[in-house]
Every structure is written in structure tokens, then in C-alpha cells.
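*Asks:* This is a predicted model, with the sequence first.
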Amino acid sequence: MKTDLEKKIYQAQCIGNVEPIEYMVAYPNLFSLIDGQNIKFSDQIIFEKYNLTNSKIKDLVNQMSNWLDIQGIKPKERVTIKSLKFPLAEIVLFGIWNVGATVVITGSKDIKEAQKETGSKHIIEPPKDLLKTLVQFPKKYMQKYKPLLGDEALIFFYKGKGLRLSHYNLLVNTGSTKKEMKIESRSRIFCDIKSDSVSWIIFRAILPIYAGCIYTEKNPDITISDKSKNSTYFIREDIENIRNYRKNEVAICPENTAVLSIGGKPIHLSNFSVESNLIKIQGHSVMMGYLDERMNEKSFNENYLEVSI
């Protein structure tokens, strides 16, 4: 039976009469996204620079999962990763999810604080040549635990707060973002975001696979950046100014997984209102909650989540 707080969180995750239930996304967990894309599109190039197809990505993720097993990573553990280079960061990310564990990333440089607050016992600091090392590991991985959509997938630690996000949160936020950006299969996209934020996870790790895009620096059709205002989509985190965003500007609010709005308009299955010094958010991308239960009690009210701005 749900507690009063759990009921409040669930109510905030609903939008109108639409509950956050399984048929809203096509996959039962994040690794299943890779599995699913391999059924019909195994030979499609996803990461062009490294000639990585869906099939090769799946092999690498399974090999990474076998490597993580040797490192002692177990299902439902919380595993901290530092900012890694592309495409190793993405392979490590999906490898941890394939094991059935939770990824911990920090937007600050205080790894020790993040570990302490999340209870993470592992920091993944793979050697630079790990992708070459993986060739000796099997391309098949026997999952000991298959995560559910409602299971914790990610903890994003920033500004002294730990935010818990589920497999459903990440998949539905990616799907809604793809819909609003009208990104089609085989679109050529590029994103220059560092691998230490929820924006990175949505735009660089999940979206190319989810949408069947070609991720490339060469002649991209769509660019996504938190540095260049001349990009197709410009990432902003100053949500206090959300009502003044231009058409191509993307509002990032980690409490709403990552993307909250594009051009000031809420993404699919999300809604918000701005009131003086706070923003009230509803919808399927609303996080599982903060690590700090006192913050949850304060922030989740009837039918919405309050975020100070």
C-alpha cells in the first residue's frame, strides 16, 4: 500500500487523466531499447565516427557488462561514473543498466560527496584502452536481474541534491523530446554536451539509438549544444526565464528528468506553470523524488512538484 508521500509523487507524475503506465513507452527497460532496435535495424549505423551499428553497440554493451561483473558490480547497486569520453561513456552507461544497477553521475566535481549521499560503493574509472580490452569478453551476457520501468536507473547529484530517475522517466523524456523536435530515423545529429549531466544521457546516449539517428560531427542536420546559440537547439538551465525562451531554446530541469520545454512550450506528457519564485511541474517525466525525504515532503504537493527558481 502506498504511503501518502508516494501517492503525492504518483499524482504529480500523472497529467490530466493520463497515468504513467507501460504502454506509453515501447520498452520494458533501457537495455531493452538496444535489444529492440536490433530486431529490425541491427545493421544501421548509429555512431558514425566509430562505425558502430546497433548490432556492434549491443555486442560492446554485453562485453562491458561482463567486464563490470568482474569488477564486482551487482544488480540494484549504485555505481558512480566519472565524466568519460565518447563513446566509452555511453557503453559504460548501458552496461551498468544491463547489469541491473543504478548509474550515479554528478554535475559537480565532488565525487566523494555524491558517493556518501547515494551510498555508492563503486566508482568506474576504466582504463583508456578498455574498448580494445573488451574484445576478449563474451558478446553474450546472462542478465541476473531485468529492471522494470519503475525501477531506479539514475541518480543525478548536483547542487547538493540527489535526484532519482527511473527507466520510465528516461525513456518517456527521450520519446517526448524526439516528438517535439520532430527527429526522424536516419537524421544526422550532433551534441557537444559533456558526459556529466542528464542532458548528456538524453541527447547523446539514448536519443540516437531511440530515434535511429546517425550521430556524427560531419554535416549534421541537427545540432544540440549548451555552448553555441547558433545550434539547431540551444540548451538552457535558467528556467526562471522560461517564458522568454526563443523557439529553438530547450529548458533543462533535472527534476523533470531533463527536458521540460522547447521554446517555452511543455514537451509531450509534461506541463508546468510559473508562479513568482517557483515552477509547478506535472507529467510522466517528473522524477521518482529526491534522496532526501524531507525535500520530497516539502516539494511534492497535490498533483504537482514544486521547484524553486
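*Replies:* Nice, thanks for sending it over.

*Asks:* need the longest helix for the chain.
*Replies:* Secondary structure of the chain per DSSP state H: the longest helix is helix 54-70.

*Asks:* Please compute how far that one lies from its chain's middle.
*Replies:* 19 Å (Cα atoms, centre = their mean, to the nearest Å).

*Asks:* That one packs against which elements?
*Replies:* Packing contacts for helix 54-70, counted by 3 or more Cβ pairs under 8 Å, 6 or more residues apart in numbering; DSSP states H and E, involve helix 30-41, strand 45-47, helix 88-99, helix 130-133. The C-beta positions use only the backbone N, C-alpha and C, and glycine is treated the same way.

*Asks:* ranking those by burial, who's on top?
*Replies:* helix 88-99 (a mean of 25; mean count of other Cβ atoms under 10 Å).

*Asks:* which outside residues touch that one?
*Replies:* Contacting residues not belonging to helix 88-99 are listed as 29-31, 34, 47, 57, 60-62, 64-65, 67-69, 73-75, 79, 81, 83-84, 102-103, 124, 126, 130-131, 141, 143-144, 147, 153, 167, 195, 200-201, 204-205 [Cβ atoms under 8 Å, 6 or more residues apart in numbering].

*Asks:* quick check: mean pLDDT across that helix?
*Replies:* Here helix 88-99 scores 97 as its mean pLDDT.

*Asks:* ok, now stretch 171-185?
*Replies:* 97.

*Asks:* Using CSV, write down the CA coordinates of it.
*Replies:* Below are the C-alpha coordinates for stretch 171-185, written out as CSV (Å, rounded to 0.1, in the frame of the first residue of the first chain):
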residue,chain,number,x,y,z
LEU,A,171,12.6,6.7,-21.9
VAL,A,172,9.5,8.8,-21.8
ASN,A,173,11.5,12.1,-21.6
THR,A,174,13.6,10.9,-24.6
GLY,A,175,10.4,9.9,-26.6
SER,A,176,8.7,13.2,-25.8
THR,A,177,11.7,15.2,-26.8
LYS,A,178,12.1,13.3,-30.1
LYS,A,179,8.4,14.1,-30.8
GLU,A,180,8.7,17.8,-30.1
MET,A,181,12.0,18.1,-32.1
LYS,A,182,10.5,16.1,-35.0
ILE,A,183,13.6,14.0,-35.2
GLU,A,184,13.2,11.2,-37.8
SER,A,185,15.1,8.0,-38.3
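
*Asks:* that older thread, just the buried members of the contacts of helix 88-99?
*Replies:* The neighbour-count test (16 or more other Cβ atoms under 10 Å) marks 29-31, 34, 47, 57, 60-62, 64-65, 67-69, 73, 79, 81, 84, 102-103, 124, 126, 130-131, 141, 147, 153, 167, 195, 200-201, 204-205 as buried among the contacts of helix 88-99.

*Asks:* Would you confirm that residue 25 contacts residue 172?
*Replies:* Yes. Using Cβ atoms under 8 Å, residue 25 is in contact with residue 172, at 5.6 Å.

*Asks:* burial count for the residue lying closest to residue 215 once chain neighbours are set aside?
*Replies:* Excluding its sequence neighbours, the residue lying closest to residue 215 (Cβ to Cβ, 6 or more residues apart in numbering) is residue 208, at 4.2 Å. Neighbour count of residue 208, defined by other Cβ atoms under 10 Å: 24.
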